[in-house]
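K.L.:
my questions are about this predicted structure, shown below with the sequence.
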Amino acid sequence: MTSASGTLDPKNEVGALDRRLFGGFVEHLGRHIYDGIFEPGHPAADADGFRTDVIDLVRELGVSTIRYPGGNFVSGYNWEDGVGAQAERPRRLDLAWHATETNQVGLHEFSGWLDKVGSDLMLAVNLGTRGTAEALDLLEYANTSVDTARSRERAANGRPDPFGVQMWCLGNEMDGFWQLGHRNATDYGKLAVRTARAMRQLDPTIQLVICGSSGRSMPTFGSWEREVLTQAFDDVDFISCHAYYEEQDGDAQEFLASAVDMALFIDEVVTIADEVAAERGSDKRIMISFDEWNVWYLSRWQEEALTYTNDDWPVAPRQLEDQYNALDAVVFGDLLITLLQRSDRVRSASLAQLVNVIAPIMTEPGGIAWRQTTFFPFSVTSRLAQGRVVRVPVESATFSSDRFGDVARVNAVATIDEGGVSVFVVNRSTADAADLRIDLSAVRAELGRELRVVEDRLVHDDDPYAANTLTDPERVGLSAAGATVAAGALEVTLPAISWAAFRLE
Ligand code: AHR
């Protein structure tokens, strides 16, 4: 057992919470759309073919804005293939994932699904195999209320009113060699600027995300951000970050340091963006759209991808169906804490992805839908985090990371709203429980009342590799940590490898 102590002081405010931090990501990939959210023959399917059991789980997860339709997929996608009569839509090869896309779900169907789950749409345009003209066509189709050929087409396809999409991604991971239409930073920057200016001429109200690096370990990380922002600084609102983490070589302790990498990544991108601003004498601040983040056992997928042959273009194959364990959920919860701690600059984030594909929700065709372990930190944080975000500095013992040196065992953040306080904490140690005490005197003084614990949620399992599966879908769930408020402080013992959230009112 070790001790840790922190302070929850409203003076450490990060800023007002932007709900877009709890966004998601749905890509045409594997069984995400087909046999995931859309399964017309399923007993729980509604009249539009969408599974109502999945809709209920997505609502429970609490996802704000959902990025669509990719991902790598978007870089070869013709959005026109997904509108109009479903029976006439073309089947296409999806080069990104070596699959066949039937186009039975497109913009209209997906937008209808978003209405059911209560989320907003964020669209990515194809800057891989296509360019400015096609991006404009899609924007006009989606957003214009003027009587044009595109808006008439939209109305004829069942949607007289514009979709009113606010956030737009200028392509996807254009720095990645695997991306269709991959370019160097200079060439991508030129294309992004041209496209951004044209899109803003059509709809000046939209917010634009330029592609940053696909990961902090990309060889062009840093120089890519500097180049694309130098070109596009005046034309975009956000730069993207993508990051995936996995346990490697069975080293759980090192895996539990993943959030340090995410924090460094954000800080480095912010530094570069602000340097570009300074060089131009600008007060404008470019925000981060962390529009892909998760635990992903990428190395397993890379092995699987090698088995694909050129005759093999399946519809909705089982791809990237990672099974998450309790350890994954703790790392995942720590990533969420990190996004909150930096939410002054990370104003939008998308959990990649939602259903079946590296997802918090799994489904079986014709069968059940269930919550993976990572479902719990997301749903609890999305529901409890409200108002303004406040840093919670914690003094704790450290562990030694090969990559990051001494890493604090305990990490925490909080939000404060009129009704009370929500606190999110993680114990990253594989070895020891932590006795944590967080001083509440400053926040009690501000709220003018005593606080008590009204909700206590713990993600922990004595077997860190325990997971929820088709045959045992509720093996890992939420329990209580036994937190109390005593002598003006929140007190709790966090087991080794645990994440917890508390609501104090
Ligand atoms: O989320 C899976 C893939 O990861 C996305 O398609 C791509 O953008 C990233 O490399």
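P.N.:
Yes, it's here. Numbers count the residues shown, from 1 in each chain.
K.L.:
tell me the pLDDT of the residue in the stretch 101-250 of the chain positioned nearest to the ligand.
P.N.:
When scored by CB to the nearest ligand atom, the stretch 101-250 of the chain has E173 as its residue closest to the ligand, at 4.6 Å. C-beta here means a position set from N, CA and C on the backbone, and glycine is covered the same way. On pLDDT, E173 comes in at 98.
K.L.:
do the same with A149
P.N.:
We have a pLDDT of 97 for A149.
K.L.:
secondary structure element holding D187?
P.N.:
helix 185-202 (DSSP states H and E).
K.L.:
could you point out which element follows that helix?
P.N.:
As assigned by DSSP H and E, the chain's next helix or strand after helix 185-202 is strand 207-210.
K.L.:
touching, the residue of the stretch 101-250 of the chain closest to the ligand and G181? I think so.
P.N.:
No - look at E173 against G181 with CB atoms under 8 Å: they stay out of range, at 10.6 Å.
K.L.:
between those two, which contacts overlap?
P.N.:
Common contacts of E173 and G181 (CB atoms under 8 Å, 6 or more residues apart in numbering): S75.
K.L.:
more neighbours, these two?
P.N.:
Taking other CB atoms under 10 Å, E173 and G181 do not tie; E173 has more neighbours (24 against 18).
K.L.:
state the mean pLDDT of stretch 179-187.
P.N.:
Mean pLDDT, stretch 179-187: 98.
K.L.:
what is the helix holding D187 packed up against?
P.N.:
For helix 185-202, the packing partners by 3 or more CB pairs under 8 Å, 6 or more residues apart in numbering; DSSP states H and E come out as helix 132-143, strand 167-170, strand 207-210, helix 223-232.
K.L.:
R285: which of those is closest?
P.N.:
helix 223-232 (11.6 Å; CB to CB).
K.L.:
ok, then the element right after the closest one?
P.N.:
strand 238-245.
K.L.:
partner strands of that following strand, with direction?
P.N.:
Strands adjacent to strand 238-245 in the sheet, as given by DSSP bridges, are strand 207-210 (parallel), strand 287-295 (parallel).
K.L.:
touching, P69 and F110? I think so.
P.N.:
Yes - look at P69 against F110 with CB under 8 Å: they come within range, at 7.3 Å.
K.L.:
need the overlap of contacts for those two.
P.N.:
Taking CB under 8 Å, 6+ apart as the contact rule, P69 and F110 both touch V26.
K.L.:
just name the most buried of the helices and strands packed on helix 185-202.
P.N.:
strand 167-170 (a mean of 24; mean count of other CB atoms under 10 Å).
K.L.:
report all helices and strands that that strand contacts.
P.N.:
strand 120-124, helix 185-202, strand 207-210, strand 287-295.
K.L.:
just to revisit the earlier point, could you check how far the helix holding D187 is from the centre of its chain?
P.N.:
From the chain centre to the centre of helix 185-202 is a distance of 25 Å (CA atoms, centre = their mean, to the nearest Å).
K.L.:
count of neighbours near the residue of the chain found nearest the ligand?
P.N.:
Among all residues of the chain, G71 sits closest to the ligand, at 3.0 Å; criterion: CB to the nearest ligand atom. Per other CB under 10 Å, the neighbour tally for G71 reads 26.
K.L.:
what helix or strand is the nearest residue to it once chain neighbours are set aside on?
P.N.:
Nearest residue to G71, sequence neighbours excluded (CB to CB, 6 or more residues apart in numbering): E27, at 3.5 Å. Using DSSP H and E, E27 falls within no helix or strand.
K.L.:
residue contacts, E27?
P.N.:
Remark: with contacts taken as CB under 8 Å, 6+ apart, E27 is in contact with 68-74, 352-353, 357.
K.L.:
and it, how far from V357?
P.N.:
Plainly put, E27 is 7 Å away from V357 if you go by CB to CB, to the nearest Å.
K.L.:
show residues contacting the lowest-mean-pLDDT helix or strand in the chain.
P.N.:
Sorting the helices and strands of the chain by mean pLDDT, DSSP states H and E puts helix 298-305 at the bottom, at a mean of 84. Applying CB under 8 Å, 6+ apart, the set of residues contacting helix 298-305 from outside is 98, 244, 246, 248, 319-320, 322.
K.L.:
okay if I get those as CSV plus neighbour count and secondary structure?
P.N.:
Formatted as CSV, these follow (neighbours: other CB atoms under 10 Å; DSSP: H, G, I helix; E, B strand; the rest coil):
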residue, neighbour count, secondary structure
H98, 16, coil
Y244, 16, strand
E246, 16, coil
Q248, 10, coil
Q319, 20, coil
L320, 24, coil
D322, 22, coil
